[in-house]
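# can't give you the sequence, but here's the structure:
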Ligand code: DAH
């Protein structure tokens with residue numbers, strides 16, 4: 001038979017257990033579990049109340065008082081602990097948040113491969129004393145054609161098939177088909193001597209395929225200086241080609257026709273893939289065409305009201321072509337589709 005004294009010992013021991021358990025409890029979930037096991041429906045206290053009937057009749061009142069006193073002490077202690085937890089703010093911190101996990105690094109983009117190639121080439125020209133200027137994408141027939149010695153009836157206009165924005169007449173606006181118009185605009189506004197390069201986007205109504213697009217990029221160059229010669233043209237272009245493609249690259253200047261230069265040349269580099277021996281990229285020729293160039297035609301100077309004694313050299317290079325050769329890209333459309341799987345490779 002149990003006595004009230006036995007019960008008192010049991011309650012003291014449980015009290016100590018409860019205090020010890022609460023000392024290491026810092027979450028509400030845990031606190032709820034402890035509350036249930038001490039004062040809940042299936043808890044310790046409830047079991048002790050149920051065992052009251054086993055006590056001798058004269059012990060029962062004292063045992064009952066002990067149990068009631070324990071009940072309020074335990075409950076008070078549990079509530080006190082809950083208030084303490086809330087005050088510490090631990091309750092508000094969801095256990096899902098793990099402050100020790102590494103953060104998500106922000107996605108940082110980078111310059112488009114074409115922009116990288118343009119910047120690289122412009123940097124080379126700047127070291128050679130050139131100034132970078134930009135033109136306008138919407139032009140007039142005067143700057144895109146007439147001032148560049150391409151009169152309305154000239155067959156060369158057909159090679160510069162053009163997007164017209166309104167009529168095709170003399171007061172038309174069009175999307176420039178090359179960056180050469182800036183030669184005349186700059187000559188009108190600035191007194192020589194000067195050296196400029198003009199990067200920019202140009203437009204032609206070409207059917208889109210692996211090597212053609214209705215838009216692409218060029219860099220135009222214009223040097224107007226009193227003593228400038230074809231030798232300077234070769235020197236500048238050779239220096240730039242070697243800076244872009246490597247010091248062993250060889251140059252070939254092929255006579256060609258452009259209305260706005262005389263003499264004119266198409267300029268090739270030795271094939272960077274087979275070093276000139278012949279391969280599929282250069283179609284066994286050993287050479288790759290990269291730009292057009294020449295000495296500025298006197299008619300261009302006349303259109304800009306410059307005297308006939310003015311001397312200048314000019315060139316125009318296609319950026320996509322150079323970027324494709326430099327990086328071994330076989331489809332021009334990749335530059336404009338903006339597929340990040342492509343762009344991230346540069
Ligand atoms: N504008 C020409 C084109 O788009 C390229 C060109 C050739 C530019 C010769 C020049 C030049 O300045 O001298 O095909």
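Received, thanks. Just so it is clear, the structure is predicted and the values come from calculations on it, not from any experiment. Residues are numbered from 1 along each chain as shown.
# let me know the pLDDT of the closest residue to the ligand within the stretch 151-300 of the chain.
The stretch 151-300 of the chain approaches the ligand most closely through residue 292 (2.8 Å), counting by CB to the nearest ligand atom. In short, each C-beta sits where N, CA and C put it, glycine included. Looking at residue 292, its pLDDT reads 98.
# assumed it was part of a helix.
No - looking at residue 292 with DSSP: H, G, I helix; E, B strand; the rest coil, it is strand, so not inside a helix.
# quick one: it and residue 260 touch, right?
No - between residue 292 and residue 260 there is no contact, the gap being 9.7 Å when judged by CB atoms under 8 Å.
# returning to that earlier point: now for the residue of the stretch 151-300 of the chain closest to the ligand: which residues touch it?
Contacts for residue 292 (CB atoms under 8 Å, 6 or more residues apart in numbering) come out as 256, 258, 261, 264, 265, 266, 267, 315, 316, 317.
# and residue 200, how many neighbours?
Look at residue 200: counted by other CB atoms under 10 Å, it has 20 neighbours.
# where along this structure do the strands fall?
131-132, 138-139, 163-164, 174-175, 194-203, 215-224, 251-258, 261-270, 287-296, 312-318 (DSSP state E).
# okay, now the sheet partners of the second one, with direction.
Here strand 138-139 has these sheet partners by DSSP bridges: strand 174-175 (antiparallel).
# over to the last one?
Looking at strand 312-318 with DSSP bridges, its paired strands and their directions are strand 215-224 (antiparallel), strand 287-296 (antiparallel).
# please tabulate those in JSON lines, including the columns distance to residue 84.
Shown next, in JSON lines, are these (distance: least, CB to CB, whole Å):
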{"stretch": "strand 215-224", "distance to residue 84": "69"}
{"stretch": "strand 287-296", "distance to residue 84": "78"}
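# what about the helices in the chain?
All helices of the chain, identified by DSSP state H, fall at 4-23, 28-39, 44-50, 60-88, 113-127, 141-144, 156-159, 181-189, 230-245, 298-303, 319-327, 334-337, 340-343.
# of these, which is nearest residue 275?
Of all the helices of the chain, helix 230-245 sits nearest to residue 275, with 11.1 Å by CB to CB.
# what's next to that closest one, contact-wise?
Helix 230-245 is contacted from outside by 120-121, 124-125, 128, 221, 223, 249, 251, 253, 263, 267, 269, 272, 290-291, 293-295, 313, 315, 322, 325-326, using CB under 8 Å, 6+ apart.
# how about stretch 246-264?
Residues from elsewhere that reach stretch 246-264, judged by CB under 8 Å, 6+ apart: 148-150, 154, 156, 180, 183, 230, 234, 237-238, 241-242, 265-270, 272, 275-276, 287, 292-300, 314.
# neighbours of the residue of the stretch 1-150 of the chain found nearest the ligand, how many?
Closest residue of the stretch 1-150 of the chain to the ligand, CB to the nearest ligand atom: residue 148 (8.0 Å). Using other CB under 10 Å, residue 148 is surrounded by 26 other residues.
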